[in-house]
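Chemist: Take a look and give me a structure for this.
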Amino acid sequence: MFEASTGYKELLLLTMKHPPLKRIAEAVVAYFGCVMLSHRWEGTEPLLHDIQDRVVYKLTSGGSIAKLQLFCKTARDAGYHWAWVDTCCIDQKNSVELQKSLNSMFTWYHHSALTVVYLADVPPSSKSGALAKSAWNTRGWTVPEFLAPKVIRFYQQDWTPYLGDDSPNHKESVKIMGELEDATGIDARALVAFQPGMRDAREKLQWASTRVTTVPEDTAYSLFGIFGVQLPILYGEKKHNALGRLLQEIIAQSGDITALDWVGKPSEFNSCLPADISSYEAPPCVEPSLSEDQIQLFVSALRDAVALESTSRLYQTLDYLSAPRFSHRRLHLPCIVFPVTEARRSSGPDQETYTYAIKADGLHDLQITTKHKFIPFSRVRPLRTGLTFLLVRPWSRHLLELPDAADDTRSVTDWSVRSLLHDRPSAENDPVYSEFHSRALRLMVRLAQPFAAFLLMRQHSGEFKRIASDRDILAQVKDIASVHDTMGIRTIEIS
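Modeler: Below is the predicted model:
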């Protein structure tokens, strides 16, 4: 088809005249530019065997066939030769092709010449706000389909441009992007120029938390491209396994533990992960922050209150902790540990919920609300041998105030500070040691602030499991000067 086209003949003339390579490339791209469709499946959609080796415009019109025909016409009218739609451009019966296609979907939409979004339930001449109410805006697969493309256009029920906007790219429309931002909670800058990756994992999971998919496992599969991962597509594995594999990959690759910040039902995959993505719908736990002036005041007060050796030792111990990792579905999580010494039960807000008043060494007393029922205990009435409860703070390297862990680098200065401290005796008037000590004191100040905690239970078998809470557990150490004495530091294996 290309060789028979006018574009091919023009390209031959260009090559004879020795034009810049860029012009040749542009000519090829212009001919082969593909238009992708983003839509909500409705009723019986035409599959590959329904349209293969047939002329689309000669198929019996009606229903989803009419949608396919009008999509192709829209692509042709926009000046393109090629169109792609997921219903009939993937052999749904070929598992190998299906897996390759789903793992490539984000890249295909990203490299599309144009992505057409068809809003089947938005009537002609609709006013602003109809896009937000469309069923298209509730589906799981549509998230990567509007984030990935560089050029996108929204079309109403009658295939006219949404809001009458005839501009070539609706990602440049402040009005439409503003409406999409309000409807999805995704910042307009991300909508226009999204980059896949592990950064801000918790925020991306929240974007998808209210979305639905026809096939349960697609809740996770639709997010593979957003996080830049490729994993096996295993339909029939159940959604908690699909989501578990995705979250496991995010944590293992990035070291980002924000994906552990959720409330709801724990997963059978691992108790530290949620059973459903809707557990991310609530905003993440926001730990109170200090201003730089407040930090400096605390640091000044601590200089004379704590020993230099103990603060430096605490900093170095935490600095050497390994990143979180998974092995055989078990999470190896570096933590700061506070043993629970007492748990007293009181009546919960309903019959299925239990509230416990918790005491833990080194922490202020607190309450947790959970659907998990366990036997109350205290120092006077301890638990049976083998059962242990811990309140833990999952360790995050950002508290060390080093370069972002997502960059996977450390500055030369950070390494030189450590090496110099090992190679020569410390002294208060040593500028290198003084800088390190200041960092150690700043770390103590941050560790003394309220933090999001997990409640872990060690069972008779020796395994630790997370007890899921119905709301965030916010804990705080009692005494800033004794932070280093009251906390244990270890990596805990959680199943």
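
Chemist: A helix includes Ile24, no?
Modeler: Yes. Judged by DSSP: H, G, I helix; E, B strand; the rest coil, Ile24 forms part of a helix.

Chemist: For it, give me its contacts.
Modeler: Ile24 is in contact with 11, 14-15, counting by CB atoms under 8 Å, 6 or more residues apart in numbering. No exception for glycine: its C-beta is placed from N, CA and C like everyone else's.

Chemist: ranking those residues by neighbours, who comes first?
Modeler: Leu11 (20 neighbours; other CB atoms under 10 Å).

Chemist: give me phi/psi at that one?
Modeler: The phi/psi pair for Leu11 (degrees, to the nearest 10) reads phi -70, psi -40.

Chemist: Give me the distance between the residue most central in space within the chain and Thr213.
Modeler: The residue lying closest to the centre of the chain (CA atoms, centre = their mean) is Ala201, at 2.8 Å. According to CB to CB, to the nearest Å, Ala201 and Thr213 sit 20 Å apart.

Chemist: mind listing what Leu290 touches?
Modeler: Leu290 touches 298, 445-446, 449, counting by CB under 8 Å, 6+ apart.

Chemist: Could you tell me which of these belong to helices?
Modeler: Assigned to helices by DSSP state H, the following of those qualify: 298, 445-446.

Chemist: Just give me the closest of those to Glu145.
Modeler: Arg446 (40.3 Å; CB to CB).

Chemist: what sits against the closest residue to that closest one other than its chain neighbours?
Modeler: Excluding the flanking residues, the one nearest Arg446 by CB to CB, 6 or more residues apart in numbering is Leu399, at 5.2 Å. Residues near Leu399 by CB under 8 Å, 6+ apart: 318, 443, 446-447.

Chemist: quick one, phi/psi of the closest residue to Cys89 other than its chain neighbours?
Modeler: Excluding the flanking residues, the one nearest Cys89 by CB to CB, 6+ apart is Leu48, at 7.2 Å. Backbone geometry at Leu48, expressed as degrees, to the nearest 10, gives phi -60, psi -50.

Chemist: how many other residues sit next to Leu48?
Modeler: Based on other CB under 10 Å, the number of other residues close to Leu48 is 15.

Chemist: How about the contacts made by it?
Modeler: Residues in contact with Leu48 (CB under 8 Å, 6+ apart) are 88-92.

Chemist: same question, Arg345
Modeler: Per CB under 8 Å, 6+ apart, neighbours of Arg345: 354-357, 376.

Chemist: Dump these to a markdown table, plus pLDDT.
Modeler: Output for the contacts of Arg345, formatted as a markdown table (pLDDT from 0 to 100):
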| residue | pLDDT |
| --- | --- |
| Tyr354 | 89 |
| Thr355 | 91 |
| Tyr356 | 93 |
| Ala357 | 94 |
| Pro376 | 88 |
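
Chemist: Where does Glu435 sit: helix, strand or coil?
Modeler: Glu435 ends up helix, using three-state DSSP.

Chemist: Next one: His272 relative to Lys238, how far apart?
Modeler: Careful, residue 272 is Cys; it's not His. In terms of CB to CB, Cys272 sits 18 Å off from Lys238.

Chemist: With neighbour numbers in mind, choose between the two.
Modeler: Cys272 (30 against 15).

Chemist: I figured that one hits Phe454, correct?
Modeler: Yes. Cys272 is within contact range of Phe454, at 7.4 Å (criterion: CB atoms under 8 Å).

Chemist: How about stretch 378-387, which residues are buried there?
Modeler: By neighbour count with 16 or more other CB atoms under 10 Å, stretch 378-387 contains the buried residues Leu383.

Chemist: Return the mean pLDDT over the longest strand anywhere in the chain, rounded to an integer.
Modeler: Longest strand in the chain by number of residues (criterion: DSSP state E): strand 330-347. The average pLDDT within strand 330-347 is 92.

Chemist: List the buried residues of it.
Modeler: 331, 333-338, 340, 342-343.

Chemist: What of stretch 153-167?
Modeler: By neighbour count on 16+ other CB under 10 Å, the buried set for stretch 153-167 is 153-156, 159, 162-163, 165.

Chemist: Also stretch 486-493?
Modeler: Of all the residues in stretch 486-493, those buried under the rule 16+ other CB under 10 Å are 486-487, 489, 492.
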